[in-house]
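Peer 1: Quick one: sequence and predicted model below, then my questions.
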Amino acid sequence: MIGRRIVKVCGITALSGDTDAWSNVDWIGLNFWPRSPRHLTLDAAVALVPALPPHLRRVGVFVDPDEALVREAIAAASLGLLQFHGDESPAFCRRFGVPFLKAFAARGPEVAARVPDYLDGPDSWYLLDAAAGGGSGTPVDLTLARSLREQLPGRMLLAGGLRPESVAAAIAAIDPAGVDVASGVESSPGVKDPTRVRAFTDAIGRAS
């Protein structure tokens, strides 16, 4: 954790290069949505997990999944957190006995009415992104994001178009509890560039 801010890198399918670049990353996202360019099969997750730096909390990313897939992914990757991007109900998200965060597309202020149903207290997390499914590289409306963070009781994880070059400005504008990056640190979908990962966390350190 950099200061009081969680850093999540999402959508990894292969680990390459300097693993020390991950020293200031807290969470790693494993995407089990078949339509994502960063999709990870259960077998691929089993193969990848032993190569990941052990301090990373593994987050399973899902979009309207079958219950069986979620349970199989929890077992395959020893997931410590679940992230839901679809129309999952609060009851579904709470079904697995694993902490979760719900992602919301920041399309307008009406999203504020939906978030509290998915929070279990002031320390609960929710994710604000620009598009359903995540990983689009589209920036969030910073004014809307700031307004939502000030209204809602939980802790916001901000995603959507973040890059080493833009994350400091987003932090200054919104002051989120954490940030989430996918395409902004990639050399290709699912393959993270260690140089950009380090640049991203360095920028957060200077901003925090």
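Peer 2: Cool, the structure landed. None of these values were measured; they are calculated from a predicted model.
Peer 1: quick one, helices of the protein?
Peer 2: 42-48, 67-77, 90-93, 142-151, 167-174, 194-207 (DSSP state H).
Peer 1: Select, out of these, the one closest to T13.
Peer 2: For T13, the closest of the helices of the chain is helix 42-48, at 6.9 Å, according to CB to CB. Where you see a C-beta, it was placed from the backbone N, CA and C, and this is true even at glycine.
Peer 1: I'd like the average pLDDT over that closest one.
Peer 2: The average pLDDT within helix 42-48 is 97.
Peer 1: List the contacts of the residue nearest the centre of the chain.
Peer 2: For the chain, the residue sitting closest to the mean C-alpha position, by CA atoms, centre = their mean, is D180 at 4.7 Å. The contact partners of D180, by CB atoms under 8 Å, 6 or more residues apart in numbering, come to K8, V9, C10, G29, L127, D129, G134, L157, L158, A159, L162.
Peer 1: out of these, which are inside strands?
Peer 2: Using DSSP state E, K8, V9, C10, G29, L127, D129, L157, L158 are the members of the contacts of D180 that sit in strands.
Peer 1: Now for this structure, the helix or strand with the poorest mean pLDDT.
Peer 2: Of all the helices and strands that make up the chain, the one with the lowest confidence by mean pLDDT, DSSP states H and E is helix 142-151; it has a mean of 90.
Peer 1: buried residues in that one?
Peer 2: The neighbour-count criterion (16 or more other CB atoms under 10 Å) identifies L142, L144, A145, R146, L148, R149 as the buried residues of helix 142-151.
Peer 1: For my notes, please list these in JSON lines and give distance to S16 for each entry.
Peer 2: Shown next, in JSON lines, are those (distance: CB to CB, whole Å):
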{"residue": "L142", "distance to S16": "32"}
{"residue": "L144", "distance to S16": "36"}
{"residue": "A145", "distance to S16": "32"}
{"residue": "R146", "distance to S16": "36"}
{"residue": "L148", "distance to S16": "36"}
{"residue": "R149", "distance to S16": "34"}
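Peer 1: between those residues, which is nearest A169?
Peer 2: Where the buried residues of helix 142-151 are concerned, and distances follow CB to CB, A169 has its nearest neighbour in L142, at 8.2 Å.
Peer 1: Is that closest one in contact with P176, as I believe?
Peer 2: No - using CB atoms under 8 Å as the test, L142 is too far from P176 to be in contact (10.6 Å).
Peer 1: what do these two both touch?
Peer 2: Here L142 and P176 have A170 as joint contacts, going by CB under 8 Å, 6+ apart.
Peer 1: who's in contact with G154?
Peer 2: In this structure, G154 makes contact with V115, P116, L119, G121, P122, D123, S124, W125, Y126, judged by CB under 8 Å, 6+ apart.
Peer 1: swap that for P90, please
Peer 2: If a contact means CB under 8 Å, 6+ apart, then P90 has K102, D117, Y118 as its contacts.
Peer 1: A14 too?
Peer 2: L48, G190, V191.
Peer 1: For G205, state which of the contacts of G154 is nearest.
Peer 2: Here the nearest of these to G205, counting by CB to CB, is W125; it sits at 21.1 Å.
Peer 1: Endpoints of stretch 183-201, how far apart?
Peer 2: One end of stretch 183-201 sits 15 Å from the other (CA to CA, to the nearest Å).
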